[in-house]
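Chemist: Attaching a predicted model along with its sequence, questions to come.
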Amino acid sequence: MRRNQPLLILAAGLVLIAMAVVVIFLVAGNNSGDPDVSTTVDGNNGPASTGGTLGGPEPVVALPASKYIPLISEVPGENEVNVSDTFTMNITTFTSSYWFINDQEGQDRAREWKIVDGYQVLYQPVGLSAQVLQGGYYSTIETYLFADAEGAKAAFAHLSDKIGSLPGTEKEKPRGLANESAAYSLVQGTIGTSEVVAVYHRFLFRRGNAVVSVQTYGGEPFMTIDQARELAVMIDDKLLGQRPATEPTPIPTPAIIGVDSN
């Protein structure tokens, strides 16, 4: 890696609010007046996610991180992109994110792990809460690339510990994926103004120099870790070159500015 190579590619200033919204298992509304979902399809009875490659290569994949994110046409259901929460990351979004206690810790770890790129997308059901009450769900997907696998290993361990230690979080036990993986769930609040319980699932994995987080948010009667894992399998297939990796339409960005790695 060149001496002055940026640690993280900068993008548009869609930054602090989006990272605050994205991830430590967002808080849902908690009101009353729910529809009866007892006769709707129960996603918890669906087949378990068992595909994908467990173990295998540890590639150093090429930039940009955005090309490994599933396209909207690849995500189940009728969805749209939440533009304000979809962006190429910059050093500020990363170091001030939910990953760290404060910005200084973020700056230190960014240098230590040699992060080089990151991308986040939020896909939301077209019908929002009404669609979630019929089995739809939100998907927040983050992909981070590091200069080498060693930095990614340290980052994955840190993120797994961070998510796993959140109050109320339960560890899930789906089939593993990639070089390392971990899965969690958190039941919290309700969907919109209904009384349908909301649940977050998160599947984390590392493939070579890439660390990926897939979080879903939906109604507890419909959701398991399997929806998040299936999206993770799709991403891992792209990282392995087993599925086409296509860059999304870019959001306009300012000049690239980085942080010296030394």
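Modeler: Cool, got the structure.
Chemist: Show me where the stretch 101-250 of the chain has its strands.
Modeler: 115-125, 138-146, 170-171, 180-190, 197-207, 210-219 (DSSP state E, counting those that start in this stretch).
Chemist: Tell me which of those sits nearest to S160.
Modeler: Comparing the strands of the stretch 101-250 of the chain by their distance to S160 (CB to CB), the top pick is strand 180-190, with 4.5 Å. All C-beta spots, glycine's among them, are computed from the backbone N, C-alpha and C.
Chemist: Correct me if wrong: E58 contacts E180.
Modeler: No - if you go by CB atoms under 8 Å, E58 and E180 don't touch, sitting 10.0 Å apart.
Chemist: returning to that earlier point: can you put the strands of the stretch 101-250 of the chain in a markdown table and add mean neighbour count, mean pLDDT and distance to Q107?
Modeler: Shown next, in a markdown table, are those (neighbours: other CB atoms under 10 Å; pLDDT from 0 to 100; distance: least, CB to CB, whole Å):
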| stretch | mean neighbour count | mean pLDDT | distance to Q107 |
| --- | --- | --- | --- |
| strand 115-125 | 24 | 96 | 11 |
| strand 138-146 | 25 | 97 | 15 |
| strand 170-171 | 12 | 97 | 30 |
| strand 180-190 | 20 | 97 | 25 |
| strand 197-207 | 26 | 98 | 22 |
| strand 210-219 | 26 | 98 | 18 |
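Chemist: Would you convert the ones you listed into CSV that also reports distance to V75?
Modeler: Formatted as CSV, these follow (distance: least, CB to CB, whole Å):
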stretch, distance to V75
strand 115-125, 5
strand 138-146, 6
strand 170-171, 25
strand 180-190, 19
strand 197-207, 14
strand 210-219, 10
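Chemist: Which stretch among those approaches T95 most closely?
Modeler: When the strands of the stretch 101-250 of the chain are compared by CB to CB, strand 115-125 sits nearest T95, at 9.5 Å.
Chemist: List the strands paired with that closest one, with their directions.
Modeler: Strand pairing for strand 115-125, determined by DSSP bridges: strand 79-81 (antiparallel), strand 87-88 (antiparallel), strand 138-146 (antiparallel).
Chemist: so the last one versus strand 197-207, what angle?
Modeler: With axes from the mean of the first three to the mean of the last three CA atoms, to 10 degrees defining the directions, strand 138-146 sits at 20 degrees from strand 197-207.
Chemist: From here on, call the first residue 792.
Modeler: OK, 792 is where the count begins now, so the last one is strand 929-937.
Chemist: mind checking how far strand 929-937 is from the chain centre?
Modeler: The chain centroid and the centroid of strand 929-937 are separated by 4 Å, computed with CA atoms, centre = their mean, to the nearest Å.
Chemist: so what secondary structure elements neighbour the strand or helix carrying T883?
Modeler: Using DSSP states H and E, T883 falls within helix 882-886. The elements that helix 882-886 packs onto, with contact taken as 3 or more CB pairs under 8 Å, 6 or more residues apart in numbering; DSSP states H and E, are helix 807-813, helix 894-904, strand 906-916.
Chemist: any idea of the mean pLDDT in it?
Modeler: Average pLDDT, helix 882-886: 91.
Chemist: got JSON lines for the strands paired with strand 906-916, with distance to W904 too?
Modeler: Listed next are the strands paired with strand 906-916 as JSON lines, based on distance: least, CB to CB, whole Å:
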{"stretch": "strand 870-872", "distance to W904": "28"}
{"stretch": "strand 878-879", "distance to W904": "18"}
{"stretch": "strand 929-937", "distance to W904": "6"}
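Chemist: Kindly provide the distance from N881 to V874.
Modeler: Distance from N881 to V874, counting by CB to CB, to the nearest Å: 17 Å.
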